[in-house]
Every structure is written in structure tokens, then in C-alpha cells.
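In: Could you look at this predicted model? Sequence included:
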Amino acid sequence: MSTEKQTVFLSGASGYIAQHILKDLLAAGFKVIGSVRSEDKAQAIAKNFGNTEDLSFVYVKDIADPKAFDAAFEEHGKNIDFVVHSASPFRFDINDVNEDLIVPAEIGSAGIFKAATKYAPNLKHFVVTSSYASIADAPTDTKKELTFTEKTWNDMTFEQAVTNAVDGYYYSKTIAEKTIWNLAKELNVNFGITAVNPSFVFGPQAFDANVTKVLNTSCQIINGFLDSTPETVVDESIKAAFVDVRDVAKAHVAPLLDSKKFNGERLILSQGRFGNQSVVDALNKLPALKGKIAVGTPHRDDEVAQELAKIDNSRTKELLGFPFVSLDETVKDTAEQILKVNGKL
Ligand code: NAP
């Protein structure tokens, strides 16, 4: 039996979630080819991972180019056993909703899937990092009479999506995931496919070196409160679901270890509901922060789940078979890493 390591192609390797996936993949004994946009990013990631020879890089500058992945797959395709497609824009500071969010998400999905199908004859499984955004849009998520499962789809129209960045992002994730499932049928592929659909992802950066002044979009919610004062108003702008990044990483690796079990599945990663106030309450449990940051109205969001649609992700939990990290723990670990890096702990 061959003892050669199997190879995973991971797109968007510089990302917050992707570096946790990378950590788990290397720990599980895979070789990884990561796509990044620049040499600087490759060097920083390589350094984080001790310049291991199991990690190499290819340059994919802009996934909005339909042929962005062709050269990389043409060169490495024969050695690729698995693909994890994580690259996609998750930012709200954009100029044009279609050009900056929707096009790269949709074309990126199509580009990598077609390149993998064409150039990777040994591909066994393809995992796409989708989102809870592909399950329901924000207004529908507030309909408390509804229950969402792994079968639910966000049915937002393009016309609604282009009106603002948040709706645009939700739509971009939906169309990106649909593109994968549709192409799989159209091209009649013979490898397994899984979509991972995380809600808001919290938790520490994979490495202290990745803690920057402004963090990735989801962790910035917690980071922002670290700069607050006891007088800062805790607004009600966010009422959503959360999951810890380490659980998200595990959910990307599990399908590669058991393609048959996870083929065709969508995994809703949610450990429950939260609001800004829940984050603030969790932060105020930390001795280093108590009395120094926003307080808001403690416990105002304790019953936030009753105000929103129900999420039934029991199938996901059964398939994955591990318990998810709690809100208190994910907020604590996120905050303590930032405080430590900034010399405040
Ligand atoms: P992130 O740190 O911003 O990572 C995004 C990744 O995509 C980065 O590697 C980025 O490259 C790459 N990327 C974005 N636009 C690109 C383009 N046009 N061409 C090439 N690469 C591009 O965010 P993240 O939170 O880890 O998100 C990773 C994935 O998880 C995304 O698909 C996101 O939609 C999904 N997701 C995130 C959350 C969450 O709460 N964080 C929840 C659900 C789903 P650069 O580093 O070079 O910019």
C-alpha cells in the first residue's frame, strides 16, 4: 500500500477560516497546495507553518477571472486528491455589489470547479465553504415562525441583492454554492461534494501573527468591543447565529476522510443565536475587561433565539458527531488572543 500523502488544493489559503483548515489538514497528514494572491501572503503563511515541505503555494490573483484556476490545475491537477474552495470576498466596504462581491463568488466557484473537473482526474471530494447566508437572507431569518434545515435555500433575487452590500454578500454566497451543485449535475462528476454553511464565525486567529488592528469581518465584531468604553451604546444591529472557527475547520476536513458519508450534504454550522449584547456579556466575564468596556443592558439578548427563525441543524450535528464550542468560550478565546498580542493580558 502506498504511504504517499494525499494532496488537498485549498483556495484562499490566506483567509481567517482557511488557515485553521490548513492547520487541521497538515495535522491530519495531508499535503496542501494553497492558492494565494501574492508572494508576500505565501511567505507569511509558510512562516506560520514553520516552512513545512507539505505546504506549497500557487498564485491566483483574482477569482473573478473565469480562467483564474486553470494554470494551477493544469500544472498540479494529476496530484490533487481533494479540493477545498474557501476563497470568496467577505467584506462590506465595497464600491460595487455585483463587481466586488457577486461576480468573484460566482465566477470563482465555476472557475475552480471546472478546472478541477478538467485537470484533476483523481479528485475524490470537493468541499465548498458556503455560508448560512445561502440558507436564509437576513430579513427571512427574523421570521420566528420559520424553521430552517440543511434543505432550506435563500431565495433572494439579484435585484434585491444589488441594493446593498449585506444583501449582496448573502446573494453572492447563495449563487456561489448553487453554481457548484448545478455544475456537478451538468458535468456528471464522479467525485463527492459537500457544502459547509457556517453562520457568523468567531474564535482566535490561527496564529498570533495574524492579529491585526482590524480583523476579518466576523471577528471584527468582537474586536470592535475591545475598543469600547463603559458608555458605548450596544446597538441591536446584529442578531444572528454563531459558530467557532475551530469547529468550522473540522467540518471541512471530515468530508475528506469519509467522502461517501458526506457526499451531497450541506452542513449548517451554528451553535446557537447571539446578539451584540450576548458578545458584550461574554466579554464582561473576563477579568481583564470587566469595568473597562461597554456594558449595554446585560442579558438583553438571552432570549434572542425566540425572536428569530429556528435552526434545525440536527442532521449536521449527527453527521459531524462532535460538540460545538460555546459562545462564552469562542468570545473569550478571540478576545484573550487580541489582548495578549497587544500586551494587555
Ligand atoms: P477572509 O479572511 O476575508 O478570507 C477570504 C479569502 O478569500 C482570503 O484568502 C482572500 O484573499 C480570498 N479572496 C477574496 N476575494 C478574492 C478574489 N477576488 N480573488 C482571490 N482571492 C480572494 O474571510 P473568512 O471569514 O476566512 O472567509 C472565508 C470563507 O468563509 C469565505 O468563503 C466566506 O464567505 C466564508 N464564510 C465566512 C464566515 C465568517 O463569519 N467569517 C461565515 C460564513 C462563511 P486575500 O487574503 O488576498 O484578500
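Out: Okay, I see it.
In: Return the residues of the stretch 1-150 of the chain in contact with the ligand.
Out: Residues of the stretch 1-150 of the chain found near the ligand (C-beta under 6 Å from any ligand atom) are 12, 14-18, 37, 41, 60, 62-64, 86-90, 104, 129, 131. Placement of C-beta: from N, CA and C, glycine included.
In: same thing with the stretch 151-300 of the chain?
Out: Counting by C-beta under 6 Å from any ligand atom, the stretch 151-300 of the chain sits next to the ligand at K173, P198, F200, V201, N216, S218.
In: need the contact list for the residue lying closest to A209 once chain neighbours are set aside.
Out: Distances taken as C-beta to C-beta, 6 or more residues apart in numbering place N48 nearest to A209, at 6.1 Å, with adjacent residues excluded. Residues counted as contacts of N48 (C-beta atoms under 8 Å, 6 or more residues apart in numbering) are Q19, A206, F207, A209, N210.
In: Could you rerun that using 10 Å?
Out: Q19, L22, K23, L55, Q205, A206, F207, D208, A209, N210 (C-beta atoms under 10 Å, 6 or more residues apart in numbering).
In: Surely the first one touches D208?
Out: No - between Q19 and D208 there is no contact, the gap being 12.0 Å when judged by C-beta atoms under 10 Å.
In: Neighbour count for those two, which is higher?
Out: More crowded of Q19 and D208, by other C-beta atoms under 10 Å: Q19, with 24 against 12.
In: Confirm that the more buried one lies within a strand, as I assumed.
Out: No - assessed with DSSP: H, G, I helix; E, B strand; the rest coil, Q19 is helix; it does not lie in a strand.
In: What confidence value was assigned to it?
Out: Confidence at Q19, expressed as pLDDT, is 98.
In: can you tell me which residues contact it?
Out: Taking C-beta under 10 Å, 6+ apart, one finds 10, 12-13, 34, 44-45, 48-49, 86, 205-207, 210, 245, 249 in contact with Q19.
In: Please indicate which of those has the highest neighbour count?
Out: G34 (30 neighbours).
In: That one belongs to a strand, doesn't it?
Out: Yes - counting by three-state DSSP, G34 falls inside a strand.
In: Excluding chain neighbours, give the residue nearest to the residue in the stretch 1-150 of the chain that the ligand sits nearest to in space.
Out: Proximity of the stretch 1-150 of the chain to the ligand (C-beta to the nearest ligand atom) peaks at G15, 2.7 Å away. Among residues not flanking G15 along the chain, S86 sits closest, at 5.8 Å (C-beta to C-beta, 6+ apart).
In: mind checking how far that neighbour is from A249?
Out: 10 Å (C-beta to C-beta, to the nearest Å).
In: Name the residues contacting each of these two.
Out: With C-beta under 10 Å, 6+ apart as the test, S86 and A249 both reach I17, A18, Q19, I21, L22, V196.
In: Just checking, which helix or strand of the protein averages the lowest pLDDT?
Out: Lowest by mean pLDDT, DSSP states H and E among the helices and strands of the chain is helix 138-141, with a mean of 95.
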